[in-house]
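Participant: Sequence plus predicted model, see below.
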Amino acid sequence: MNMGLNDRVAVVTGGSSGIGLATARELLRNGAYVAICGRDANRLAHAHAELVGLAGAGRVLAVQCDVLESGQVQALHDAVMAWRGGCHLLVNNAGQGRVSTFADTDDAGWREELDLKFFSQINTIRAFRKTLSHDGAGAIVAVNSLLAYQPEPHMVCTSAARAGVQNLLKSLACELAPAIRVNSVVVGLIESGQWRRRFEVRANRNLGYDAWLADVAARRTIPLGRLGKPEDVAQAIVFLGSSAAHYITGARIEVSGGLSRQI
Ligand code: NDP
């Protein structure tokens, strides 16, 4: 399939780890120029070095940026414009989940989570909107969670915020059409930095990382029998962001190994 990504310019927020880094690799393999951002300078530098090794220094830009800081997001946009003079694809991936029930989430926790989920979309879309619409074929792909449709009580505010983001994306698919397509991937459980961090603080200390992941997959009864890999999500993101999906907007692709229970 021709993805039509050759020499297109993509920005991947949270491109220094996990799903974002795998997406950056996949975009580079498809001939795109890729800018990544993240907050931690070391993690960003490691990711940048790896991507340069894959595609060459001229193909990759790394900018330290917290997507919750609108000034930093504008600076990211300006750096991409100075680098390539345009941007065709925005992958809104930066973020993390919050494990907490209603009983143990205070107001500050709610506000922090709502802020992260909404403003990681709002700030970047506001900054890149004009640039993305320039040639009439821009695309936004948001990384969201199955929790938007299948809430979990132990991740109560993440679930609620994720649902709101899907609603926002649907409105944006109308408002930004036809110049910009807006789609999402809703992911289940994907092996990444997040799961590595949860492993570090696990209750059951008897299992190694792989056995612990296999146990998570078994307990959650994932039909395909394992957690997803970041690459599994990257393929779907690249498809939605490519010209192969040129008549698709306001849509979502589930990448969950069959974990979803809705029809
Ligand atoms: P990782 O922790 O591996 O990667 C998260 C990336 O986002 C890192 O590059 C991190 O860099 C960056 N990031 C986090 N907060 C910010 C911020 N405020 N500004 C800029 N960059 C930020 O996790 P995943 O790859 O798993 O996560 C990718 C997305 O997928 C997230 O939105 C996550 O919530 C979502 N998701 C993942 C699931 C999973 O099972 N893995 C399940 C459901 C959703 P740094 O910390 O240096 O800023």
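Facilitator: All right, it came through fine. Just so it is clear, the model here is predicted, and its values are computed rather than measured.
Participant: For the rest of this, base every contact and every neighbour count on C-alpha atoms.
Facilitator: OK.
Participant: what's the neighbour count on residue 85?
Facilitator: Applying the criterion other Cα atoms under 10 Å, we find 11 residues in the vicinity of residue 85.
Participant: before we move on, what about residue 19?
Facilitator: Counted with other Cα under 10 Å, residues neighbouring residue 19 total 26.
Participant: How is it assigned, secondary-structure-wise?
Facilitator: For residue 19, the assignment made with DSSP: H, G, I helix; E, B strand; the rest coil gives helix.
Participant: Excluding sequence neighbours, find me the nearest residue to it.
Facilitator: What sits nearest to residue 19 in space, not counting adjacent residues and going by Cα to Cα, 6 or more residues apart in numbering, is residue 230, at 4.4 Å.
Participant: Who are the contact partners of that neighbour?
Facilitator: Contact analysis of residue 230 by Cα atoms under 8 Å, 6 or more residues apart in numbering lists 18, 19, 20, 22, 23, 190, 191, 192.
Participant: pLDDT weak spots in the protein?
Facilitator: Applying pLDDT under 70 to the chain picks out no residues at all.
Participant: all helices of it, in order?
Facilitator: Read by DSSP state H, the chain holds these helices, from start to end of the chain: 18-29, 41-55, 70-84, 107-132, 156-175, 193-200, 209-219, 230-241.
Participant: on that earlier part again, out of the contacts of residue 230, who has the most neighbours?
Facilitator: Within the contacts of residue 230, most neighbours by other Cα under 10 Å means residue 20, with 29 neighbours.
Participant: Tell me who's in contact with that one.
Facilitator: For residue 20, the contacting residues are 12, 13, 14, 93, 94, 230, 234, taking Cα under 8 Å, 6+ apart as the criterion.
Participant: Can you report phi and psi for the fifth one?
Facilitator: This means residue 94. phi -60, psi 140 (degrees, to the nearest 10).
Participant: Kindly provide the distance from it to residue 184.
Facilitator: 13 Å (Cα to Cα, to the nearest Å).
Participant: what's the answer for residue 243, then?
Facilitator: Separation of residue 243 from residue 184 (Cα to Cα): 15 Å.
Participant: and the chain, which residues reach the ligand?
Facilitator: Applying Cα under 6 Å from any ligand atom, one finds that the chain approaches the ligand through 13-20, 38-40, 43, 65-68, 93-97, 143-145, 187-194.
Participant: So how do I select the buried members of the residues you listed in PyMOL?
Facilitator: Selecting only the buried entries of the residues of the chain next to the ligand in PyMOL, with 16 or more other Cα atoms under 10 Å as the criterion:
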select buried, resi 13+14+15+16+17+18+19+20+38+39+65+66+67+68+93+94+95+143+144+145+187+188+189+190+191+192
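Participant: Now tabulate the contacts of residue 230 in a markdown table and tack on distance to residue 178.
Facilitator: Supplementary listing: these in a markdown table, determined by distance: Cα to Cα, whole Å:
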| residue | distance to residue 178 |
| --- | --- |
| 18 | 31 |
| 19 | 28 |
| 20 | 26 |
| 22 | 28 |
| 23 | 25 |
| 190 | 32 |
| 191 | 35 |
| 192 | 34 |
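Participant: Identify the residue nearest the residue positioned nearest the centre of the chain in space, chain neighbours excluded?
Facilitator: The geometric centre of the chain, computed from its C-alpha atoms, lies nearest to residue 93 (Cα atoms, centre = their mean), at 2.0 Å. Once its chain neighbours are removed from consideration, residue 93 has its nearest residue in residue 143; the separation is 4.9 Å (Cα to Cα, 6+ apart).
Participant: Pretty sure that neighbour sits against residue 186.
Facilitator: Yes. At 6.3 Å, residue 143 counts as touching residue 186 under the criterion of Cα atoms under 8 Å.
Participant: Would you map out the domains in the protein?
Facilitator: What automatic domain parsing lists as the domains of the chain is 9-190+230-251, 191-227.
Participant: First-to-last residue distance for the longest one?
Facilitator: It stands for domain 9-190+230-251. For domain 9-190+230-251, the separation between the terminal residues is 22 Å (Cα to Cα).
Participant: Look at residue 26 and say how many residues are nearby.
Facilitator: Using other Cα under 10 Å, residue 26 has 18 neighbouring residues.
Participant: show me the contacts for the residue nearest to it when sequence neighbours are not counted.
Facilitator: Spatial nearest neighbour of residue 26, chain neighbours left out: residue 234 (6.6 Å); criterion: Cα to Cα, 6+ apart. Going by Cα under 8 Å, 6+ apart, residue 234 touches 19, 20, 22, 23, 26.
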